[in-house]
Every structure is written in structure tokens, then in C-alpha cells.
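S.K.: compute the structure for the input listed below.
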Amino acid sequence: QVQLAESGGGLVQPGGSLRLSCAASGFTFNWYDMAWFRQAPGKERDFAAAVIWRGDSTYYGDSVKGRFTISKDNSKNTVYLQMNSLKPEDTAIYYCAAKPKLYDRSLYDRTSYLYWGQGTQVTVSS
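M.R.: You can find the predicted model right below:
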């Protein structure tokens, strides 16, 4: 049974940091590209960051570039999102997603992803 379990969300003040984790099971993790998407209330689910299956190439949305870092640990079947210098506009539900490496589709497109987690809430507020 495929499962992506996000954790690490919560309430943080502007300028603070959080580290999200996504533990994967039920599929061959090191054959998959992984990504984080986020969805704010009333808005579409947008791309935040992605890492390819080997873990050595990363991609970021313009709004998080320079502040967020995605990483993939194939030995632990886990992907992380380190979020620094958080802003109120980063408030959203953050979703982990998995795309088979053989899918020749864009990392930035949410329809490219096969598996999704349930999401974790991140709230940035003073």
C-alpha cells in the first residue's frame, strides 16, 4: 500500500523556520522524483520544490527560491523541505508528491505526479 506521510507543519512567526518531512512507503522510493506543492485557502495547488530521483538536482518555484531547500534521503525513504525566512504568504497546506523517474513530464506540473500525501498545515503569523 502506497503511503506518503507528511509531518513537521505548525505555527511559526514571520522570519522563522520549519522543516517538513515526508516518509514514503509501498513503492520503490529511489526510482521516483519527489516534490512539495502547497495550497493556500481559495487558491490552486502550486509547485514549491522538487528533487530528482538520485537526489542531486533540485528545482524551486520563484516565490521560495533562496529560502527553501528540498532534499531526498533514499536510505530513509524520506524527502525534506527546510523552510527559512518564512513569510505570512507561505501559509498553506503543504503536500508531498511522487513522480516515477520514467515519466517524461514536467516536474513543475502537479498532474505529473502519481502519489500524494494528505498534507500538513503551515501557518506563518505573529
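S.K.: could you use CA atoms for every contact and neighbour count after this?
M.R.: Will do.
S.K.: leaving out the residues flanking it, which one is nearest to Tyr60?
M.R.: Ala49 (4.3 Å; CA to CA, 6 or more residues apart in numbering).
S.K.: which SS class is the residue most central in space within the chain?
M.R.: Centroid check for the chain by CA atoms, centre = their mean gives Trp36 as the closest residue, at 1.9 Å. Taken by DSSP: H, G, I helix; E, B strand; the rest coil, the conformation at Trp36 corresponds to strand.
S.K.: what's the spacing between it and Ser126?
M.R.: Applying CA to CA, to the nearest Å, the value for Trp36 to Ser126 is 24 Å.
S.K.: in the host helix or strand of Leu81, which residues are buried?
M.R.: Assigned by DSSP states H and E, Leu81 falls within strand 78-83. Neighbour counts using 16 or more other CA atoms under 10 Å place Thr78, Val79, Tyr80, Leu81, Met83 of strand 78-83 among the buried residues.
S.K.: let me see the confidence value for the third one.
M.R.: Right, Tyr80. Model confidence at Tyr80, given as pLDDT, is 98.
S.K.: residues in contact with the residue nearest to Tyr60?
M.R.: The contact partners of Ala49, by CA atoms under 8 Å, 6 or more residues apart in numbering, come to Ala35, Trp36, Phe37, Thr58, Tyr59, Tyr60, Gly61, Phe68, Thr69, Ile70.
S.K.: what ranges do the strands span in the chain?
M.R.: 3-7, 10-12, 18-25, 32-39, 45-51, 58-60, 68-73, 78-83, 92-100, 115-116, 120-124 (DSSP state E).
S.K.: now do the last one, average pLDDT.
M.R.: Translated: strand 120-124. Averaging pLDDT along strand 120-124 gives 98.
S.K.: ok, and what's touching it?
M.R.: In this structure, residues lying in contact with strand 120-124 by CA under 8 Å, 6+ apart are 6-14, 86-95.
S.K.: now the buried members of those.
M.R.: Buried by 16+ other CA under 10 Å: 6-7, 9, 12, 14, 86-87, 90-95, out of the contacts of strand 120-124.
S.K.: check the residues you listed and tell me the two furthest apart.
M.R.: Maximum pairwise distance among the buried ones among the contacts of strand 120-124 (CA to CA): 21.9 Å, between Glu6 and Pro14.
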